[in-house]
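Engineer: pasted the sequence and its predicted model underneath.
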Amino acid sequence: MTGAAGADLVLEVPCGTLVYDAETGELLDDLVAPEQTLCVAQGGKGGLGNRHFLSNRNRAPEQALPGLPGQERRLRLELKLLAEVGIIGLPNAGKSTLIAALSAARPKIADYPFTTLIPNLGVVRRPTGDGTVFADIPGLIEGAHRGLGLGHEFLRHIERTRLLLHLIDATADRPLDNYHTIQQELEAYGHHLADRPQIVALNKIDALPPDTLANLLEQFEAQLQTPIHAISAVSGMGLQPLLQQVWVILDDDQDAAAKNSNTL
């Protein structure tokens, strides 16, 4: 009834929302930027009122044309968190403790598995003052890619990250097996998650004798052929060297992306 003066119906969603057509499964858009908009359904074409038929011969028209109905669509909205660094690992590896130590995030922390039921986001400040978003990705267990535990629900959030920080409980019975368990889940889930840049860190080293820790680091470095960080999220040991490598990898990745963009 208001014609061109009618207001659009706008639904606000968080950045990182994917919009799918619920009937066909088609991805309509990925809303990742602030103020980004998507028109999912057009309003109906307005009808012609009696003024349209006004003429010198017909000064009081009594005819009109009805409008057409607007477009109807069923949508499915899916949120994928936007974070540059994803902290992954088995339950009780210390992911929530780490993000609490690095940022102002205050997730629930306890000494039993599956304390974290939702991803936690925290902003970690660089020496330059810029903020980098870290995400604590919970619920990854063996079989997560098949829907076991909570992992399948949260694996999609890792797709947004540029860097994975793989946290391992150094006090576990088989830390190296735990590392391979998570790697297998990333490979089974697909989406090139296993190929993403990754930093491996042994957590809770304050609870290990020096000889045991040295032996464990030697085993990891022999198999992975890469330096391993030894940290304690509780005491803060090793966190600064860990962050330094995070900044280096993110900066190198950003420079590479900018170079490719200039080449194109």
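Structural biologist: Here it is on my side, so go on.
Engineer: use CA for all of it now, contacts and neighbours both
Structural biologist: Will do.
Engineer: how is this structure carved up into domains?
Structural biologist: Following automatic domain parsing, one gets these domains for the chain: 6-79, 85-263.
Engineer: return the most buried member of the ones you listed.
Structural biologist: Stretch with highest mean neighbour count among the domains of the chain: domain 85-263 (a mean of 17; mean count of other CA atoms under 10 Å).
Engineer: could the domains of the chain go into a markdown table alongside mean pLDDT?
Structural biologist: Output for the domains of the chain, formatted as a markdown table (pLDDT from 0 to 100):
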| stretch | mean pLDDT |
| --- | --- |
| domain 6-79 | 81 |
| domain 85-263 | 81 |
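Engineer: what backbone torsions are found at residue 27?
Structural biologist: Reported as degrees, to the nearest 10, the phi and psi values for residue 27 are phi -80, psi 120.
Engineer: and the residue nearest to it when sequence neighbours are not counted, what is it in contact with?
Structural biologist: Nearest residue to residue 27, sequence neighbours excluded (CA to CA, 6 or more residues apart in numbering): residue 20, at 4.4 Å. Applying CA atoms under 8 Å, 6 or more residues apart in numbering to residue 20 gives the contacts 26, 27, 28, 29, 75, 76, 77, 78.
Engineer: which residues are in contact with the last one?
Structural biologist: In this structure, residue 78 makes contact with 17, 18, 19, 20, judged by CA under 8 Å, 6+ apart.
Engineer: ok, which stretches of the stretch 1-150 of the chain are helices?
Structural biologist: 95-102 (DSSP state H, counting those that start in this stretch).
Engineer: next one: stretch 182-200 to chain centre, how far?
Structural biologist: Averaging C-alpha positions (CA atoms, centre = their mean, to the nearest Å) puts stretch 182-200 14 Å from its chain's average.
Engineer: only C-alpha atoms, please: export it in CSV.
Structural biologist: Provided in CSV are the C-alpha atoms of stretch 182-200 (Å, rounded to 0.1, in the frame of the first residue of the first chain):
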residue,chain,number,x,y,z
ILE,A,182,43.8,-34.5,15.7
GLN,A,183,45.8,-34.5,12.4
GLN,A,184,43.7,-37.5,11.2
GLU,A,185,40.5,-35.6,12.0
LEU,A,186,41.6,-32.6,10.1
GLU,A,187,42.5,-34.7,7.0
ALA,A,188,39.3,-36.7,7.2
TYR,A,189,37.2,-33.5,7.5
GLY,A,190,38.8,-32.1,4.3
HIS,A,191,38.5,-28.5,3.2
HIS,A,192,42.4,-28.4,3.2
LEU,A,193,42.5,-28.0,7.0
ALA,A,194,45.5,-30.4,7.2
ASP,A,195,47.4,-28.2,4.8
ARG,A,196,47.0,-25.0,6.8
PRO,A,197,50.0,-23.5,8.6
GLN,A,198,50.3,-25.0,12.0
ILE,A,199,52.3,-24.4,15.2
VAL,A,200,52.6,-27.3,17.6
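Engineer: just checking, residue 68 touches residue 48?
Structural biologist: No - using CA atoms under 8 Å, residue 68 is not in contact with residue 48, being 10.6 Å away.
Engineer: correct me if wrong: residue 71 contacts residue 43.
Structural biologist: Yes - under the criterion of CA under 8 Å, residue 71 makes contact with residue 43 at 6.1 Å.
Engineer: can you give me the strands in the chain?
Structural biologist: 17-21, 27-31, 75-79, 85-88, 120-125, 131-136, 163-169, 198-203, 229-230 (DSSP state E).
Engineer: who touches the fourth one?
Structural biologist: Yep, that's strand 85-88 we're talking about. 95, 132-138, 140, 158, 161-167.
Engineer: related to what we said a few turns ago, how about TSV for the contacts of residue 20, with distance to residue 38 added?
Structural biologist: As requested, the contacts of residue 20 are exported to TSV (distance: CA to CA, whole Å):
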residue	distance to residue 38
26	14
27	12
28	8
29	7
75	12
76	14
77	13
78	15
